[in-house]
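Chemist: Sharing a model prediction with you, sequence too.
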Amino acid sequence: MFDFSAQLKQRFAALQSSAPFFSLRYVKQTSQHLSVRKNVAEPPQLSIDEGAMLTVRINGVEAYAATNDLSQRGLQSALEQAEIQARQLAPHSLLDLRDHAVATARADYLSPNLQSAFPSLSDCYALLNAESASVPMDERLVNWQVSLGLENVEQIYLNNAGAEIRQAQRFVFPGLTVTAYDGQDSQTRSLGRENFGQQGGAEVIASCGIIGAAVNVADQALQLVMAPNTPTGPRDLLLTPDQMTLQIHESIGHPLELDRILGDERNYAGTSFVKASDFGSLQYGSSLLNVTFDPEIPEQLASYGFDDDGTPASKQFLIKDGVLVRPLGGTLSQYRSGMEGVANSRASNWNRAPIDRMANLNIEPGDKSMAQLIGGIEHGILMSTNRSWSIDDARNKFQFGCEWGQLIENGELKGVVKNPNYRAISAQFWRNLSAVGDASTFKVLGTPNCGKGEPNQVIRVGHASPACVFASVDVFGGDA
Amino acid sequence: MMSHQAQFKALAEWLHSAVTAEERYTFSYDAEASDFIRFNHAKVRQAGHVQQASVTFKLIAAGRHANLNLTLSGDGEVDRQRLSEALLQLRETLTLLPEDPYLQLNDEAWQSSNVQETPLPDSAHVVEQIARLGEGLDLVGIYAAGPIYRGFASSSGALGWHQANSFNFDWSLFHENGQAVKANYAGHTWTDESFARRFALAREQLAFLGRPAHALTPGQYRAYLAPAALEEVIGMLCWGGFSAQSLADKTSPLQRLYDGHATLSPLVSLNEQVTGSLSPAFSGEGYPRMDLSLVAEGVARDRMIDSRSAAEYGLVANGAGWGESPSALSMEGGSLALDEVLKALGTGLYISNLWYLNFSDRTAGRITGMTRFATFWVEDGQIKAPVNTMRFDDSLFALLGTALEQLTTERELLLSTSTYSQRQTASNLLPGALLSGLTLTL
């Protein structure tokens, strides 16, 4: 671990610069993605990637240069390139960062169980093969796939103010998907994949639940393909955590990103229906809604000690008892806006610069068991596992679709329905939050695929949530 | 310092000498040197330069294969050492794998070379131009520019090289009421005059956005989709629509089209037009990419087939890349002149851009998405007012079928602005589309 650390520090110390402030962020990522599709092992996809970003600040203007050349000459060259750009573009710079404080922390952060060995490639394939082979023989099951992703990331941040932050993390992404087809319609049921990932070791495979799950997942795909379409009309909506992740992500996370509110993302990811003046007063949701930025659940995907600008991370409420209190903004956005934020300045890799990102964005548990949530619904529907997402650029009008639907009548779960979709408006939807599940319904989930930024960046984010009920939401099915 | 092409060739030659007689390989190379300059409020928000290079190395032996993506340093000796270690790692990995029944290699020793070295302007000059034209405006966007390199070599003697300088300035102009117009200036040859003309067009549209917005309720409306808006709809077809594997797995949104249970409008002809496009003439797995007729006059024709699908389904690989998705899609134009669009629309929506599309029902080809940027309400052929963001939910078989009235004669070449991991080379050549109805839902 941190094999390159001593050499990198030496090279950083030897860099020559006239810039009052400069920093280096080194990232090494190795990954292994395995998959077995219809009982055939697909070729493994392995990756070894490393590089560094040099950032300078001259007369309050920042610029960066990222390089794959980690030699002394390569790092020096990148530093000089950043200096030239900072000077050239100074007359047109939006920001004057002369008074913006820089990081000084010195610390290490490690994923849980990082020292424990991960199963060998052979053992991983044996697990995937066994799960794939347990999918029942049924000609309606036209496709299935079991997968396992493993990513090891080492990051070292150094600056000329003395900061030295090292973080080593291991991410695990198990997944299982089965497609059923009846000659007219196809339906896919999945577990894990884009809806699940955690930090840790082999225990993450077990906590995802894919071991021994193939029979049940295949059965649910067959149930779906035989099920009627979701009926149209308003119903109380019970979302399980594997849909709550997407709901939180799109209609709380993105609108609260401070760089969007400041206008940086208007050409690509979009703006926000939330205004800077809303913080401290806007009733974002019902009084049952408590949302936190929480980097302190060790296994969650975006738990870390420091963000990529070197700011120490700690748990903060963003929405307290339904009232909006704090945005998702790193120190740069805080400096620009004069608002308090969180440590969420993050980059997808060494070749992209940090910007405001979600990290772990969670809903705190309430006091209702799953039985109580269902029992409290007279005319409703349960939806699980996101499969479709669409929302406007201000993150207000949304339409989301799930894999699994089940009607609820008079407090009881009834028949399965397919193609469950719902649409609403963020600014109103969370105010209809009518019940929040307790800790027994709470799951720590996340996705590796949050896209944002120019140039584009895709990053891992964590979302933990209980099951939640929303009153009177417009739901509808598909065409098939 | 060696050129990228020389570095690539040196590594490929070393690899050729390092493998045994029983081993085979494919070796693809991706590199770029890019300036990325972000703008907000017509000022530089964030600026930087990225230099990166990597290879994807597939080792094959005894019917087994594994892939390793490896970042290079640019130093020949260091990179040979990295490649040597990668070779050992892949050899060890292969011993742990079963034979792959779907392994299929292209044995052709094809050769391909495309080098375009048109000089790019200095980025500082471009920033000056943008600042000059954007003065007093609320401009936000990104300028991305620099050379892109792609290479391919195989143990069968195939050798491909693609090198091109390009720039892409993608920006929006915002009115103080929050409405905005989107614009793009991209290609190989920057001229201040061409940029100024493109900028002036966007600025003209901005003037319309100052009018009070026209409120719409959910319902069905006549609509014109400008090429950039149609690109989003066509983009949904590319989510597995033409993929041989998705079609076999019954998850393609064009399943009904390819199964012969539905057709699109006879106006719709879609081709994967590699010849003359800006993307490499070879796929990452080492097949020459073929020009394909995907849809002809509304009827399904070719599908995108990579080597794995070819082996699994008994098809012939045609150079499809990752995901079997088109990356040089060309849609044939129609007979509607651009200056006749508003008259032909009559009363309805002029939609410049759509945003964030996804499926409401994938198997049925039903999609949803949002309007975004410069959407106007038109009455009797006259632009009356901007329209606030609206959601649509409709069938691909309506939008490109029963509801499609006309396509414009003129087509627009839309170059990808995507920069996930690296700058992309995909493009779409598309007309505008006049629709008799588009269903708005929220």
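Modeler: Sure thing, it's come through.

Chemist: all helices of the stretch 51-200 of chain B, in order?
Modeler: B:76-94, B:123-134, B:192-208 (DSSP state H, counting those that start in this stretch).

Chemist: and residue B:11, which of those is closest to it?
Modeler: Residue B:11 lies closest to helix B:76-94 among the helices of the stretch 51-200 of chain B, at 5.9 Å (C-beta to C-beta). All C-beta atoms are positioned from the backbone trio N, CA, C, and that covers glycine.

Chemist: ok, and for that closest one, which residues are buried?
Modeler: B:76, B:79, B:82-83, B:86-87, B:89-90, B:93-94 (16 or more other C-beta atoms under 10 Å in any protein chain shown).

Chemist: Check stretch B:96-105 too.
Modeler: Of the residues in stretch B:96-105, those buried (16+ other C-beta under 10 Å) are B:96-97, B:100, B:104-105.

Chemist: Ok, stretch A:438-455 next?
Modeler: A:438, A:441-448, A:450, A:452-455.

Chemist: Identify the residues contacting the residue in the stretch 351-480 of chain A that chain B sits nearest to.
Modeler: At 2.9 Å from chain B, residue A:478 is the closest residue in the stretch 351-480 of chain A, using C-beta to the nearest C-beta. Counting by C-beta atoms under 8 Å, 6 or more residues apart in numbering or on different chains, residue A:478 makes contact with A:229-230, A:418-419, A:421, B:360-361, B:363-364, B:366.

Chemist: Most neighbours among these, please name it.
Modeler: Most neighbours among the contacts of residue A:478, by other C-beta atoms under 10 Å in any protein chain shown: residue A:419, with 29 neighbours.

Chemist: So the nearest residue to that one once chain neighbours are set aside, which state does it fall into?
Modeler: Spatially, and ignoring its direct neighbours in sequence, residue A:419 is nearest to residue A:478 (3.3 Å; C-beta to C-beta, 6 or more residues apart in numbering or on different chains). Assigned with DSSP: H, G, I helix; E, B strand; the rest coil, residue A:478 falls in the coil class.

Chemist: Show me where chain A has its helices.
Modeler: Per DSSP state H, chain A carries helices over the ranges A:5-13, A:72-89, A:121-133, A:203-208, A:214-226, A:241-248, A:258-261, A:331-337, A:370-375, A:426-429.

Chemist: can the third one be found next to chain B?
Modeler: Yes. Contact between helix A:121-133 and chain B is present through A:121-122, A:125 (criterion: C-beta under 8 Å from any C-beta of the partner chain).

Chemist: Return the residues in contact with the residue lying closest to residue B:91 once chain neighbours are set aside.
Modeler: Among residues not flanking residue B:91 along the chain, residue B:59 sits closest, at 6.8 Å (C-beta to C-beta, 6+ apart). Residue B:59 sits next to B:19, B:23-25, B:65-66, B:68, B:87, B:90-91, B:94 when contact means C-beta under 8 Å, 6+ apart.

Chemist: nearest to residue B:179, of these?
Modeler: When these are compared for distance to residue B:179 (C-beta to C-beta), residue B:68 wins out at 48.6 Å.

Chemist: Check the burial of residue B:244 by counting its neighbours.
Modeler: Using other C-beta under 10 Å, residue B:244 has 25 other residues around it.
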